[in-house]
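Peer 1: I would like to see how this sequence folds:
(2 chains)
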Amino acid sequence: MSWHNTSIALMAKALAAKEVSSTELTKYFLDRIESGKQWNAYLDVNTHLSLEQASEADILISSGKAGKLTGIPVAHKDVFVTRGWKSTAASKILEGYLSPFDATVVANLGIPSAENPNGAGMVCLGKTNMDEFAMGSSNENSAYGPVLNPWNSEYVAGGSSGGSAAAVAAGLAPIATGTDTGGSIRQPAAFCGLTGIKPSYGRVSRYGMIAYASSLDQAGPMGKTAEDCALLLSAMSSHDPRDSTSLADSGEDYGRHLNQPWKEGNANPAKPLEGLRIGLPKEFFAEGLAEDVAKSVKAAAKALQDLGAELLEVSLPKTKLSIPVYYVLAPAEASSNLSRFDGVRYGHRASEYRDLGDMYQKSRTEGFGAEVRRRILIGTYVLCHGYYDAYYLQAQKIRRIIAADFQAAFSECDVILGPVAPDVAWRLGEKSKDPVQMYLEDIYTLSTNLAGLPAMSVPCGLSKNNLPIGMQLIGNYFSEARLLQVAHQYQRASDWHLRQASGVA
Amino acid sequence: MKLDDVQRIAHLSRLELSQAEAEAVLPQLQAIFSLVEEMQAVDTADLEPLAHPILFLRDLAQPLRVDQVTESDRRSENMQSAPAQQDGYFLVPRVIE
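Peer 2: Have a look, this model is predicted:
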């Protein structure tokens, strides 16, 4: 059985029917990880710990205490702290760091215990590579080397959740967690041919998620299908009293609409999306969008129209400005969040220093990579007395306009459709010399983080050079179940999500 | 932004930049800030800054928990990644002579 081509929805059925055990599944994926090191998707694997969890899951299954996802393996982005596996956020400053606790996401998905009675019973396969502290759009900013794209190893996997994307695309995990501060779930999902969702801000706990930009960071699933993402998100999301921004109304079954028509009572099986109004922002199809990406996304719009949806043009006038707004706010928050790394309680400490101040300075300089240092410098600058109003506050005010523009668009449509990124994956090294060029690649994903809206990436085509193209679906606040419904209906009528990465056996 | 600014913010960030590194990073930061300058053309008079996205949608009360001990003693686990320690304390260079 080729389990790496199997959705977790089917895997759950096979486990429940005792056709396979969690231990067998876990061994299967650990073997693939061992022979699939060329993509550099994982930063830490611990066979012993994974198999221990699998045997606990098997006991739960045989004693009738299993939940929907019990026994299914999952890979965690290295931004989530985990007991047992090292947690580094792909930074030298956290090399070898062992967390004394599990992130809430890890606990929610993990093996249940006395202190974690509601764990879903999934088995951790290891920690996936990423851009250092989630700062990057290509996974080339990892201190432990870039992730290669399983569709073509000369190309980037996208970032910052590039390791999670490559792991699922290469069949080294059936599903993975990711985080999205400015597109870090959606863009690598698009580049590797996966489905991923960034939920509304506050849906998933940030406790134990190594912080980058706290008012933008949000975790979500990256998998092969919308249905798989709905299953994982339902288990990830919960109200967490340990995260003050976690929403009280977080936990729900995000898969409840999957097989329903958009409009209640619609009995026409050929037109399940009748009544759905899809807005295409004209700014998302303007100059700068690659021709084959535009073509595929428009073809996907047409396919949704064939399923009964109505297409209309909407406007998000401040789309371009989301880049400077994001690259002021995110570095500002990062410079504050990363001040905790001082070489005192954990993390790298320089071997030689004059005094305490020198120790801070040398430890941080040696521990942080170039992009992280750059963003700390930007953030410190925009928060300085004299610049704060012109940069930081101005960015937060435009953030309000961006959020309001979305509401204006949602007064005319239910879901917004556009590309995830202006182009498909680029060659390794192609954009890493020029930070601004890399930042411009984030143009279509940043605004939803600024507004806190849910958004998805769904495979919808292949480029001329056989690399995946993703479409982006953006919904209004807390409409994740509806977004997943649209994506699921599209996937019932298309097969782009089933295409296999060419370099993968 | 000038070279002096780079050294000043590097110091505030507790980062060390050699003259050559500062000279290399300056044009990158200048390029980023020329992008950032595009924000100045937007009229934001009478607008409140938006610090938390959900506050755009609805008012949220600051969640407060009951002030009670919930964590057990995990001193040894908390110390396991300390770069230097002695007698269960984090060790730092002498601050007061």
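Peer 1: burial measure for residue 13, as a count.
Peer 2: All of this refers to chain A. 12 (other CB atoms under 10 Å in any protein chain shown). From N, CA and C alone the C-beta is placed, and that goes for glycine too.
Peer 1: look at chain B instead
Peer 2: The number of residues near B:Ser13, taken as other CB under 10 Å, comes to 23.
Peer 1: quick one, what contacts it?
Peer 2: Applying CB atoms under 8 Å, 6 or more residues apart in numbering or on different chains to B:Ser13 gives the contacts A:Ser335, A:Arg364, A:Arg373, A:Ile376, A:Leu377, A:Thr380.
Peer 1: who wins on neighbours among the residues you listed?
Peer 2: Busiest of these [other CB under 10 Å] is A:Ile376, holding 28 neighbours.
Peer 1: Three-state assignment for A:Met456, please.
Peer 2: strand (DSSP: H, G, I helix; E, B strand; the rest coil).
Peer 1: nearest residue to the residue of chain B found nearest chain A in space, please, no chain neighbours.
Peer 2: Chain A sits closest to B:Pro53 of chain B, with a gap of 2.5 Å, by CB to the nearest CB. Spatial nearest neighbour of B:Pro53, excluding adjacent residues (CB to CB, 6 or more residues apart in numbering or on different chains): A:Gly452 at 2.5 Å.
Peer 1: what is the neighbour count of the one you found?
Peer 2: 27.
Peer 1: hmm, B:Phe56 and it touching each other?
Peer 2: Yes. At 7.1 Å, A:Gly452 and B:Phe56 qualify as touching, with contact defined as CB atoms under 8 Å.
Peer 1: which residues of chain B fall in helices?
Peer 2: Counting by DSSP state H, chain B has helices at residues B:3-12, B:19-36, B:75-79.
Peer 1: to A:Asn116, which of those lies closest?
Peer 2: With CB to CB as the criterion, A:Asn116 lies closest to helix B:75-79 of those, at 15.9 Å.
Peer 1: residues contacting A:Arg32?
Peer 2: Counted by CB under 8 Å, 6+ apart, A:Arg32 has contacts A:His4, A:Ala170, A:Gly171, A:Leu172.
Peer 1: my bad, A:Asn5
Peer 2: Taking CB under 8 Å, 6+ apart, we find A:Asn5 in contact with A:Gly171, A:Gln500.
Peer 1: farthest residue from the center of the chain?
Peer 2: Reading this off chain A. The outermost residue of chain A, judged against the average C-alpha position, is A:Arg354 (41.6 Å), by CA atoms, centre = their mean.
Peer 1: you looked at the wrong chain, it should be chain B
Peer 2: The C-alpha centroid of chain B is most remote from B:Asp87, which lies 30.6 Å away (CA atoms, centre = their mean).
Peer 1: need the per-residue pLDDT for that residue.
Peer 2: For B:Asp87, the model assigns a pLDDT of 92.
Peer 1: and it, how close does it get to B:Glu71?
Peer 2: Distance, B:Asp87 to B:Glu71, by CB to CB, to the nearest Å: 22 Å.
Peer 1: do A:Gly279 as well
Peer 2: In terms of CB to CB, A:Gly279 sits 47 Å off from B:Glu71.
Peer 1: settle it for me: which of those two has more neighbours?
Peer 2: Ranked by neighbour count (other CB under 10 Å), A:Gly279 and B:Glu71 place A:Gly279 first, with 24 against 7.
Peer 1: which residues are in contact with the helix or strand that one falls within?
Peer 2: Assigned by DSSP states H and E, A:Gly279 belongs to strand A:277-281. Strand A:277-281 is contacted from outside by A:301, A:304-305, A:309-316, A:319, A:409-410, A:412-418, using CB under 8 Å, 6+ apart.
Peer 1: which SSE is immediately downstream of that strand?
Peer 2: helix A:291-306.
Peer 1: how about A:Lys127, phi and psi?
Peer 2: Per-residue torsions, A:Lys127: phi -110, psi 130 (degrees, to the nearest 10).
Peer 1: check contacts around it.
Peer 2: A:42-45, A:75-78, A:80, A:82, A:85-88.
Peer 1: make it 10 Å
Peer 2: A:42-46, A:75-82, A:85-90, A:163-164 (CB atoms under 10 Å, 6 or more residues apart in numbering or on different chains).
Peer 1: now A:Gln260
Peer 2: A:Gln260 neighbours (CB under 10 Å, 6+ apart): A:Asn266, A:Pro272, A:Ala481, A:Gln485, A:His488, A:Gln489.
Peer 1: what about the lowest-mean-pLDDT helix or strand in chain A, distance to the chain center?
Peer 2: When each helix and strand of chain A is scored by mean pLDDT, DSSP states H and E, helix A:435-440 comes last, with a mean of 92. In terms of CA atoms, centre = their mean, to the nearest Å, the centre of helix A:435-440 is set 20 Å apart from its chain centre.
Peer 1: over to stretch A:226-234?
Peer 2: 13 Å.
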